[in-house]
Every structure is written in structure tokens, then in C-alpha cells.
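1. Structure for the following, please:
(one chain, ligands or ions: 1)
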Amino acid sequence: MKILMVCLGNICRSPLAHGIMEHIVREKGLDWEVDSAGTGDWHIGSAPDRRSIAIAKNYGLDISNQCCRQITVLDFERFDRIFVMDKMNLRDVLSLARTEEDKRKVKLLLDTEVVPDPYYEDDQFDTVYKMVEDGCRKILEKELKAESSRSL
Ligand code: 4NP
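-> Below you'll find the model as predicted:
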């Protein structure tokens with residue numbers, strides 16, 4: 001399974017989703033590929049926001065080596081699933097999709113709510129971390145269930 005996590009800047013939310021997903025799939029011994037990207041181009045080449053690095057560190061994860069990049073149409077070929085944080089990300093990523101198959105790859109990370117942009121909200125990083133972790137664990141559960149029902 002190849003998973004891409006996407007937000008607007010690729011410095012706050014999707015680097016957390018990238019680091020958390022990578023960690024939990026490794027815990028399970030799975031050989032999944034996980035990456036992240038932003039719809040915007042402002043921070044290309046930068047490390048994650050220091051507040052995301054700090055909150056991840058609080059939970060024992062080091063995301064400081066990640067490097068911001070912008071999503072491209074080629075990501076639809078490289079990845080099986082593309083998870084976005086909010087409705088604007090959803091619209092922006094869907095606007096890059098070329099086919100119905102591309103569109104089917106794109107989903108909100110959380111089924112029933114959006115992960116709010118914490119860029120201007122210093123106190124939101126812990127909430128965002130927990131929401132993203134919850135989303136990642138549910139995605140893993142769902143994929144593993146689907147996999148085991150396919151192999152029956
Ligand atoms: P992210 O947060 O989409 O979670 O990475 C943002 C980071 C930067 C900006 C907006 C959102 N920005 O406008 O630079």
C-alpha cells in the first residue's frame with residue numbers, strides 16, 4: 001500500500017500524518033510507503049513547522065528530517081490512496097485528478113470531520129496531533145480488514 005498525506009502547506013498537518021502513519025505501519029511490521037505533500041508551493045524545501053516538530057517529539061516521534069514538497073499529477077500514479085485534511089485540500093487535489101480512478105484515490109483523512117489548519121493557532125497542535133493519529137489508526141484498521149476479507 002502506498003499512501004500520500006496532503007494538506008495546504010505540507011509543514012503542519014500532513015508532516016504529522018506522514019510521521020504517525022509511518023510509525024504505526026512499522027509497528028505492525030508492514031512494508032507500506034508513506035509520504036506527504038502540500039497543495040501550495042510556499043514552503044517547498046523546508047522542514048516541518050517547529051510546532052509540529054515539537055508536538056511530534058512530545059509523542060516520541062521525530063519528523064524533523066521531512067522536506068516539504070508540492071503535490072503533482074504524478075502522485076496519482078505513485079500512490080494508491082491520497083488522504084487530505086480539509087475540504088479545500090479535497091477540492092484542490094480533485095482538480096488535479098485526470099480520471100475517475102484518480103478521483104477515487106482521494107479521501108478526507110477523517111470520515112466525519114476536517115482536520116483544522118493550526119498555522120495561526122498555536123494551541124491547536126495537540127488537538128491536531130490527536131485527530132491525525134485517530135485518523136491514521138482507523139485507516140490502518142480499515143485497510144487490514146479489507147485485505148483480510150480479500151484473502152478469504
Ligand atoms: P498546513 O498548515 O497546511 O497544515 O501545513 C499551513 C501552513 C502554512 C500555510 C498555511 C497552512 N501558509 O499559508 O503558509
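
2. Over to the residue in the chain positioned nearest to the ligand: give its phi and psi.
-> Residue nearest to the ligand within the chain (C-beta to the nearest ligand atom): Gly9, separated by 2.6 Å. Quick note: C-beta positions are derived from backbone N, CA and C, even for glycine. In terms of degrees, to the nearest 10, the main-chain angles of Gly9 are phi -100, psi -20.

3. Would you mind naming what in this structure lies close to the ligand?
-> 7-13, 42, 117, 119 (C-beta under 6 Å from any ligand atom).

4. For the helix or strand containing Glu77, C-alpha coordinates in PDB please.
-> Using DSSP states H and E, Glu77 maps to helix 75-78. C-alpha atoms of helix 75-78 as PDB (Å, rounded to 0.1, in the frame of the first residue of the first chain):
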ATOM      1  CA  ASP A  75       1.400  11.400  -7.400                       C
ATOM      2  CA  PHE A  76      -1.800   9.800  -8.700                       C
ATOM      3  CA  GLU A  77       0.400   7.200 -10.400                       C
ATOM      4  CA  ARG A  78       2.700   6.700  -7.400                       C
END
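
5. thinking again about what came up before, go ahead and confirm the residue of the chain closest to the ligand touches Ala37.
-> No - the pair Gly9 and Ala37 fails to qualify as a contact (C-beta atoms under 8 Å) at a distance of 10.3 Å.

6. all helices of the chain, in order?
-> Here the chain has its helices, by DSSP state H, at 13-27, 50-58, 75-78, 87-94, 100-104, 125-150.

7. Quick one: closest of those to Gln66.
-> helix 13-27 (5.0 Å; C-beta to C-beta).

8. Leaving out chain neighbours, which residue sits closest to His18?
-> Leaving aside its chain neighbours, His18 sits nearest to Ser36 (3.7 Å; criterion: C-beta to C-beta, 6 or more residues apart in numbering).

9. same check, this time on Cys67
-> Gly45 (6.4 Å).
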